[in-house]
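>>> Fold the following.
(chains A and B)
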Amino acid sequence: MKVDAIRDKVAIVGMGCSKFGENWQQSAADMIVDAAYEAYEDSGIDAPQERIEAVFCGAQYPSKGTAEVADALKLYGRPVSMVVNYCATGTDAFRYGVFSVACGMYDTVLVVGFDKPKDRGVSGPSVAVTGVRGLPATPAAWFSLCAARYFETYGASREDLARIAVKNHHNGTLAPKSMIKREITVEDALNAPMIAWPFGLYDCCAQSDGAAAAVLTSAELAKGFRDDFVLVRSVAIALAPNPQEDPSFDFLRWKPTLYASKQAYDQAGITNPRREIDVAQVHDCFTLTELLTYEDLGLCEKGSAKEHVKSGVFALDGELPVNTDGGLKTFGHPTGATGVRMIYENYKQLQGKAGPRQVKSPAVALSHNLGGAPQTCGICILGMP
Amino acid sequence: MAGIVSFAAYVPYLRLPLDAIRGDGRKAGRAPGEKAVANWDEDALTMGVAAAAACLEGIDRAAVDAVFFASTSYAFQEKQAAAAIVRALDLRRDVATADFRDSLRAGTGALRAALDAVRAGSARKALVVASDARPAPPGSALERSFGDAAAAVLVGEQDVAATVDTEHAIADEMLDVWRTERDPFVHSWEDRFVVDHGYRRNVVEAARALLEKSGLAPADFAKLVLYAPDARSAAAAAAAMGFDPRTQLQDPFFGRIGNCGAASPLLLLVAALESSRGGDRLLLVSYGDGADAFAVRVGDPVADARRRRGVEWHLARRAELASYDKYLRFRQLLAVEHDRRAGAGISATVHYRERDADVSLLAQRCLACGTTQYPFQRVCFGCYAKDRFAKVRLSDRIGKVLSFTFDEFAGSPDPPLIATVTDVDGARLYVQMTDAAAADVRLEMPVELTFRKIHEGGGTPSYYWKCTPVRGAGTTEGSP
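Purely as a prediction, here's the structure:
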C-alpha cells in the first residue's frame, strides 16, 4: 500500500444530512433529496445535474439499488454505483468516491449513504434465518460476545456501559438532526428492560431512517467552492473473521478495528492517536462497542476504557470528545447512512459549525464503523488544510 | 447367541408436575407426581439420537450394520428417522435402516427385527432406537399418563450383556387407542374396554405362550418388564400371568416419567438391566395391536454395560417446568403472535450441502498446521493451506463455553435464548445452550452437545446441535 496515495488530495466541499428518525412520511428518495440538496447548497455547486460526474452510494437495504439515487436526484448519463459493506457501507461508499477523485478520473463526485429500515414493520433489525446454523440471534447478541470475558478480565460492568449511554444521550440533545433528544441517568440505563445481556434497552441504538451526502472534489479545485473545505487524510476498510468462528478470537477486542485503524493511521501519518486526534465519531451500535473501540483505536490503554469513561475523557468537554452528536445511540442506525452521517458531524466540527456541541478548535477528526458479526470496519480521518 | 450388547435411555430434563395440568373442570392436585416432557426443541428424533449416542458410548460406531427406529410420533409422515440418526451419529453410510411406526408395539417390533438380522448374519450389530412424545389432548387423562422418553439397545452376538432366548408375538385388531393422520391427539375408547379386552387379554396371552414355549415358570424370572397404560393395570396383568406384582414387576415409572408409548418397553428393559445381575431372567412384554414377549437372560457383562446413561441417571437430573402454559407453548397448543412454523423454512439444498457440518457435526482439522475449524472452510484460517483437511467428529466431545449472552429479543419459545461460543477441541461453535437457565451459565463451563430442533419454518423441523451443561452429579432444579 502506498500510504500517501490519497492523503490530503481530496476535499469535502459540501455535506448534507436528512433528519434521522422514524420517518414514516418520507420515502428513501425524500431523504436522499434532503441530504443531497443540503450538500449542494452547502457546496455552492450550481447545476449539480451537469457538474456531478459520478455517484457512489451505500445502502444495506435498498429497495431499488442504484436507481433509487439516480431517480431521486435525476443523475443520469453517468456512473452510479452502490456499495454494501455491513455497517461500514457508508464509509466504504465515501472511500470509493475519494479514490475516484484522487486518481484524477473525476473533478466532482457525490457520495450518498442511506437506508430506510422502518418500512419493515419491526422495531429492531429483522432476524432472517437462512441456514440451519442461524441461531436465531440478534445483532445485540453478536455484539455482546465480548462482554462476559471483557468484564471478567478487566473488571468492567454494566454501569460503565451505562455511562456511555448517558454521555451520548446528552450529546444527542444538542444535535438538531438526532432522533432521540432525551437525557437519561445511569439508573435509567441499568433498570431498562434487557435486550441481550449485558445490553438493556439504553445500551442499544435504535433502528431509524436517514440519508447523508457529500460533494467531493480535488484539493486543487476545492478553493473554487469554499475557503473552509475539509481534506480527507485517510479512509480504510478491513475485514476480519467472524468472531463466532474465528479459532484465535479472544473475546476482548474487535479485530476489524485493529486492522482498519492500522491502515488509517499509516495513511494519515498518525503515530499517537490519543494526542493527534481531536474529535471522534465511533460506532456505538451498543455501548460495549464504543467501550472496546476506545481501546481498539488506541485512544487509551487496553483495559483502561472504563476509567477514561468515568473521568470524562470522551465527554463533550473532555480531552477527546467522542460521538459529539450523540452517535448511533441518538441518531439510530440506518446502516448505509451512518458512516456518511459521522463524516458530516466531523466536517461540521472541523469547520467550527457544530453549534452548542462544538468542541474546541479541532484539527483532526476520526470516524469509525464496525459491522457484521462484527467482521468489517471502516475508518475515515479528516483534517483541515 | 444374539442379545443386547449395550443399552441406554434418554429422559428429558424437564418434568411437568401432574397437578399443574388443568383438566376439564376437575380440581387440580388430584394426581401426585410428575411426568417427563420434551423441551420445546425436542421431539422423537432428538430424544432418539440422545439415547442412541449414549448407547454407543465406548463402542466402535463402524461396527453398526443396521439402525431401526421405532416411534408413533416422529414428525414426518414420509421421510425416515433411522437414516437421520445414521447421519447425526456419523455412522457408516452402508447400513440397513428402517422405521417402525404406527403401533405402541413398534419398539419391540424393531427389537425383534434386530435380533433376526443378527441371527441371520445380515448385521453384526444392529442399533434399536425407540422414542416417543405422543400428543395428548390438553387436560385429558391421557395427558396425565403420557410421558416423553427414548431408549436404545445395541443388538449383537458378541460380548452380549443379556441374551434373548425366546420370543412370541401375537397380532390383534381393535380400536382401543389410535390416531389418524388428521388427528392432532391420540384418541382412546372407554378405559375398561381398552384394558380388559385390549391390554390385559393380549399381554397375558403372549406371556403365557412364551412361558410355555420356553418351558419356564414365573418364578424363574427376576423381573417382569411389562408395558402398561397405567400402574394399576400393570399390577393386575402381572398377577394374571402368575407374577407377584409387588416383588417381580419392574417399576413402570408412573408419576416420574409416564407412559412413553413405543419407547416404554425398551425404557423399562433398560431400567431392569440396570438393576439386574448376571444370571437373572427378565420377561419383557409389550402391547399394541397385539403383544410381543421376550425371555431375556442377563449375563455378567451387564455390570460393565450399566455405566452408560440409563433411566436412573436421568431420573436424578431434572428440572421442573414452571407452568402449564409454558408446556402448552412448547407443544404449540397456545396461539402466539409469531408462529415458529411460519416462513419458508430452511433451503433443502443448503441443508443437503451442509449435512456433514450441521447434522453430523463434523469439523475439520488442517493437515498442514493442525488448526481445527468449524464450519468447513476451503482455505485454512491458520496457515491458508487450501483443501487440506481431515474431518473430525465433535458431537461426542466435551466443549467449554468461551462466551455467552442471554438474548431476550431472538424470539425463543422459552426466552431468553442462551447463545454461546463454545470451544470443542479447538473448533469454535456458535450454538444455543438448552436445558439450562441463565443462572447456570459461566465462562469455561464444560458442556456436552445435544441434537435438537432449531427451526420449524415452513412447518418442517430442522435439526442442529446445541450445548447443554455437563451434569455430573445428580441435580434437581427449578424452572430452567
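>>> Name the helix or strand for the residue in the stretch 151-300 of chain A positioned nearest to chain B, please.
Proximity of the stretch 151-300 of chain A to chain B (C-beta to the nearest C-beta) peaks at A:Gln244, 3.6 Å away. Backbone N, C-alpha and C define where each C-beta goes, glycine included. Using DSSP states H and E, A:Gln244 maps to neither a helix nor a strand.
>>> Could you double-check that it sits in contact with B:Arg428?
Yes. The pair A:Gln244 and B:Arg428 passes the contact test of C-beta atoms under 8 Å, sitting 6.7 Å apart.
>>> any shared contact partners between these two?
B:Val421 (C-beta atoms under 8 Å, 6 or more residues apart in numbering or on different chains).
>>> For these two, indicate the residue with more neighbours.
In terms of neighbours (other C-beta atoms under 10 Å in any protein chain shown), B:Arg428 is the more surrounded of A:Gln244 and B:Arg428; the figures are 27 against 23.
>>> Which element, helix or strand, includes the more buried one?
strand B:427-433.
>>> So what touches that strand?
Under C-beta under 8 Å, 6+ apart, the answer for strand B:427-433 is A:133, A:135, A:244-247, A:249, B:363, B:372-374, B:392, B:394, B:399, B:401-402, B:404, B:417-423, B:441, B:447, B:449, B:452, B:454, B:464-469.
>>> The following helix or strand past it: partners in the sheet, and parallel or antiparallel?
Next in sequence after strand B:427-433, counting helices and strands by DSSP H and E, comes strand B:446-455. Using DSSP bridges, the strands paired with strand B:446-455 in its sheet are strand B:399-407 (antiparallel), strand B:462-469 (antiparallel).
>>> beta partners of the nearest residue to the residue of the stretch 151-300 of chain A closest to chain B once chain neighbours are set aside?
Excluding the flanking residues, the one nearest A:Gln244 by C-beta to C-beta, 6 or more residues apart in numbering or on different chains is B:Tyr430, at 3.6 Å. According to DSSP bridges, the partner residues bridging B:Tyr430 are B:Val421.
>>> How many neighbouring residues does residue 215 have?
Since you didn't name a chain, this refers to chain A. By other C-beta under 10 Å, the burial measure for A:Val215, its neighbour count, is 27.
>>> That was the other one, I meant chain B.
For B:Gly215, using other C-beta under 10 Å, the count is 9.
>>> And the residue of the stretch 151-300 of chain A closest to chain B, how far from B:Pro375?
Going from A:Gln244 to B:Pro375 by C-beta to C-beta, to the nearest Å gives 10 Å.
>>> can you list the weak-confidence ranges in the chain?
No chain specified, so I'll use chain A. Confidence mapping of chain A against pLDDT under 70 gives the ranges A:124-130, A:135-137.
>>> that's the wrong chain, I wanted chain B
B:23-31, B:473-480.
>>> Closest residue of it to chain A?
Closest point on chain B to chain A, by C-beta to the nearest C-beta, is B:Tyr430, at 3.6 Å.
>>> Show me the beta-bridge partners of the residue nearest the centre of chain B.
Nearest to the geometric centre of chain B sits B:Ala150, at 2.3 Å (C-alpha atoms, centre = their mean). Note on B:Ala150: beta-bridge partners B:Tyr10, B:Ser131, judged by DSSP bridges.
>>> which residues touch it?
B:9-10, B:44, B:47-48, B:50-51, B:129-132, B:260, B:263, B:267.
>>> what about 7 Å?
B:9-10, B:47-48, B:50-51, B:129-131, B:263 (C-beta atoms under 7 Å, 6 or more residues apart in numbering or on different chains).
>>> Turn the residues you listed into a markdown table, including neighbour count.
Formatted as a markdown table, these follow (neighbours: other C-beta atoms under 10 Å in any protein chain shown):
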| residue | neighbour count |
| --- | --- |
| B:Ala9 | 33 |
| B:Tyr10 | 33 |
| B:Met47 | 33 |
| B:Gly48 | 30 |
| B:Ala50 | 28 |
| B:Ala51 | 34 |
| B:Val129 | 36 |
| B:Ala130 | 36 |
| B:Ser131 | 37 |
| B:Ala263 | 38 |
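>>> Could you provide the residues you listed in TSV, with additional columns for distance to B:Asp358?
Converted to TSV, the contacts of B:Ala150 look like this (distance: C-beta to C-beta, whole Å):
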residue	distance to B:Asp358
B:Ala9	26
B:Tyr10	21
B:Met47	19
B:Gly48	18
B:Ala50	17
B:Ala51	21
B:Val129	20
B:Ala130	25
B:Ser131	21
B:Ala263	26
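>>> residue furthest from the geometric center of chain A?
Most peripheral residue of chain A (C-alpha atoms, centre = their mean): A:Val132, 31.9 Å.
>>> Direction included, what does the helix or strand hosting B:Ala319 pair up with?
B:Ala319 is located in strand B:317-320, with elements delineated by DSSP H and E. Strand pairing for strand B:317-320, using DSSP bridges, gives strand B:14-17 (parallel), strand B:475-477 (parallel).
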